[in-house]
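**Student:** Provided below are the primary sequence and the corresponding predicted coordinates.
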Amino acid sequence: MLLEARCSLSGFEVEGAESVSPNSVLLHTGLSIGDELTIPGQDIPRAIERLWKQNIFADIDILAEKVVDDKIFLKIVEQERPRILTFTLPTISKSQSEDLREKMRYMRGAMWTPEKEKRTTRIIRNFFMEKGYYNTKVIYTLSDEKEMTNRVNLKILVDKGNRVKINDIKIEGNQDFSDKRLIR
């Protein structure tokens, strides 16, 4: 059986923050220096949950760095989501690529998230569906930028698949209009 202890948050360290300041990370946890924490309890899990809701981090952990009497020093270890340095669409024509870039509106430095990946896939599939390509597949490759940390070059590979064409329309049971009119 674990015993609960009340500790005063006396200090913190943030490891892994690159584009977010350590004070901002602490602010997003909802914790502040001097807060009374129950260990183990719901204070730390709630702080982690608040950080997840920011959708900035790919991994988060909060550790007790040291405990002295009734004072606790925390270490917040986080890994930020990668940011897009460049993105290319090498498998489609230049005009299609430009049209898609306009619809996606990605800017250099934007964060690459699972939601952004789903949105991008939806935009690309809808774009090609309008042109008769109903089996479009989208593959993403991320390559780390060597000179800049946590920056990626995004390559979006699009396989349009075969164009779907209607060869023949058969109309059955129509008695009100001419078949030619319905087909038109």
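**Tutor:** Here it is on my side, so go on.

**Student:** use CA for all of it now, contacts and neighbours both
**Tutor:** Fine.

**Student:** how much distance is there from stretch 60-75 to the middle of the chain?
**Tutor:** 30 Å (Cα atoms, centre = their mean, to the nearest Å).

**Student:** got the buried residues for that stretch?
**Tutor:** By neighbour count with 16 or more other Cα atoms under 10 Å, stretch 60-75 contains the buried residues 62, 71-75.

**Student:** For my notes, confirm C7 occurs in a strand.
**Tutor:** Yes - per DSSP: H, G, I helix; E, B strand; the rest coil, C7 lies within a strand segment.

**Student:** of all the buried residues of stretch 60-75, which comes closest to I92?
**Tutor:** I62 (44.3 Å; Cα to Cα).

**Student:** correct me, but the closest one touches D43?
**Tutor:** No - counting by Cα atoms under 8 Å, I62 sits too far from D43 to count as a contact (10.8 Å).

**Student:** What residues sit buried inside the helix or strand that contains Q96?
**Tutor:** Under the criterion of DSSP states H and E, Q96 resides in helix 94-104. Buried residues in helix 94-104, counting neighbours by 16+ other Cα under 10 Å, are found at 97, 100-101.

**Student:** so is the residue nearest to Y133 when sequence neighbours are not counted in a helix, a strand, or just coil?
**Tutor:** Closest residue in space to Y133, ignoring its immediate chain neighbours: R163 at 4.6 Å, by Cα to Cα, 6 or more residues apart in numbering. Classification of R163 by three-state DSSP places it in coil.

**Student:** where does R163 land on pLDDT?
**Tutor:** pLDDT recorded at R163 is 88.

**Student:** Relative to M129, how far out is it?
**Tutor:** 9 Å (Cα to Cα, to the nearest Å).

**Student:** Which stretches in this structure count as strands?
**Tutor:** Using DSSP state E, the strands of the chain run over 5-15, 36-39, 57-68, 71-80, 83-88, 137-144, 151-159.

**Student:** so can I have TSV of these showing mean pLDDT?
**Tutor:** Compiled in TSV, the strands of the chain are given as follows (pLDDT from 0 to 100):
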stretch	mean pLDDT
strand 5-15	84
strand 36-39	81
strand 57-68	85
strand 71-80	87
strand 83-88	87
strand 137-144	90
strand 151-159	90
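
**Student:** With distance to G109 as added columns, please give those strands in a markdown table.
**Tutor:** Putting the strands of the chain into a markdown table (distance: least, Cα to Cα, whole Å) gives the following:
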| stretch | distance to G109 |
| --- | --- |
| strand 5-15 | 21 |
| strand 36-39 | 36 |
| strand 57-68 | 15 |
| strand 71-80 | 13 |
| strand 83-88 | 5 |
| strand 137-144 | 13 |
| strand 151-159 | 8 |
